[in-house]
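structure of the sequence below:
(one chain, ligands or ions: 1)
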Amino acid sequence: MRFTKGHGAGNDFVIVEDVDGALDLTPAQVVALCHRRFGIGGDGVLRVVRSAKDPAGAELAGEAEWFMDYRNSDGSIAEMCGNGVRVFTRYLVSHGLATPSPAGIPIATRAGVMLAIVEGDQIRVRMKSPRVYAAGTATTGPLTFPGVAVDCGNPHLVCGLHDGLSLDSLDLTTEPGFDRSLFPAGVNVEFVVTAAPLAEADLHVGMRVHERGSGETLACGTGALAVGAVALRDAGLAMGVVAIDLPGGRLTVTHDAEDGWWLSGPAVLVATGEYLDA
Ligand SMILES: N[C@@H](CCC[C@H](N)C(=O)O)C(=O)O
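Residues are numbered from 1 along each chain as shown. Okay, here's the model as predicted:
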């Protein structure tokens with residue numbers, strides 16, 4: 001099995017090209033590919049398939065030629081992956097499967113069609129509008145954090161840290177506790193602190209994330225979108241730019257129109273090879 005390895009701000013993926021949908025990628029294969037000792041290593045797998053050739057993408061084939069079949073490293077399927085779309089786009093362009101255009105390359109996902117615009121080493125994606133909808137809480141060890149539920153196509157719980165607590169002090173080696181009746185299919189949990197003002201953004205925050213199905217990752221694009229939406233709301237800003245610093249680098253969320261929500265950041269391919277054990 002040929003593979004390419006890529007990442008967006010350290011959120012890393014094994015990319016498998018399967019243009020005609022011939023590959024039956026099982027959860028066990030995904031777990032094996034993503035294993036950091038016995039496999040290639042990754043937070044997830046991106047299967048590159050023509051929308052028309054995948055049952056989950058076929059409905060969107062008229063709008064987007066390519067479907068991003070995203071899997072978490074535990075083998076589970078997620079509706080959407082913001083960094084995944086950016087890295088997927090980098091793959092399409094660098095392999096001659098799509099041509100960058102100012103209007104954006106449409107990418108089909110289980111959460112709908114996203115538009116990806118290549119801007120040098122950054123890729124900017126028009127995301128599904130986030131929906132902030134309920135209060136919730138997360139727990140890590142003895143600590144409880146009030147949070148806000150946000151639907152970005154996939155589920156998120158955005159929690160501000162108590163005064164004086166640093167992101168570094170959190171133990172995210174195990175899944176945070178959360179209300180399973182609010183998130184029956186699990187949730188990605190973001191922890192946020194305010195950061196020093198920046199000239200290039202209206203708001204600046206730091207964030208760590210524990211992802212459903214992957215554990216702590218160095219960055220999460222939909223998580224950044226959720227955090228950006230909550231930060232703008234809490235600041236009373238109808239629109240604006242939020243810079244989000246994660247352990248793997250910076251992502252930027254811009255809200256510039258009613259349904260204009262953008263995620264921007266680096267997207268890099270680092271290796272190609274052949275996986276021998278699938
Ligand atoms: N890292 C991704 C999100 C991947 C899916 C998530 N773990 C889930 O299960 O919803 C991103 O960049 O958005």
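
can you pull the contacts of residue 158?
For residue 158, the contact set (C-beta atoms under 8 Å, 6 or more residues apart in numbering) comprises 147-148, 150, 190, 192, 226-227, 230. Heads up, the C-betas are built off the backbone N, CA and C, glycines and all.

which of the residues you listed fall in strands?
Among those, the members falling in strands are 147-148, 150, 190, 192 (criterion: DSSP state E).

before we move on, back to that, got a markdown table for the contacts of residue 158, with neighbour count and pLDDT too?
As requested, those are arranged in a markdown table below (neighbours: other C-beta atoms under 10 Å; pLDDT from 0 to 100):
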| residue | neighbour count | pLDDT |
| --- | --- | --- |
| 147 | 26 | 98 |
| 148 | 21 | 98 |
| 150 | 28 | 98 |
| 190 | 30 | 98 |
| 192 | 24 | 98 |
| 226 | 31 | 99 |
| 227 | 31 | 98 |
| 230 | 24 | 98 |
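
these: which two are farthest apart?
Checked with C-beta to C-beta, the contacts of residue 158 reach their widest spread between 150 and 192, with 11.7 Å between them.

show me which of the contacts of residue 158 is closest to the ligand.
Within the set of these, residue 226 lies nearest the ligand; the separation is 9.2 Å, counting by C-beta to the nearest ligand atom.

right, and that closest one touches residue 156 too?
Yes - with the criterion set as C-beta atoms under 8 Å, residue 226 and residue 156 qualify as a contacting pair; they are 3.8 Å apart.

what touches both of these two?
With C-beta under 8 Å, 6+ apart applied, the overlap between the contact sets of residue 226 and residue 156 consists of 150, 188, 190.

so which of those residues reach the ligand?
Restricting the shared contacts of residue 226 and residue 156 to those within reach of the ligand (C-beta under 6 Å from any ligand atom) leaves residue 188.

setting aside sequence neighbours, what's the nearest residue to residue 103?
The shortest distance from residue 103 to any residue other than its chain neighbours is 7.4 Å, reached at residue 115 (C-beta to C-beta, 6 or more residues apart in numbering).
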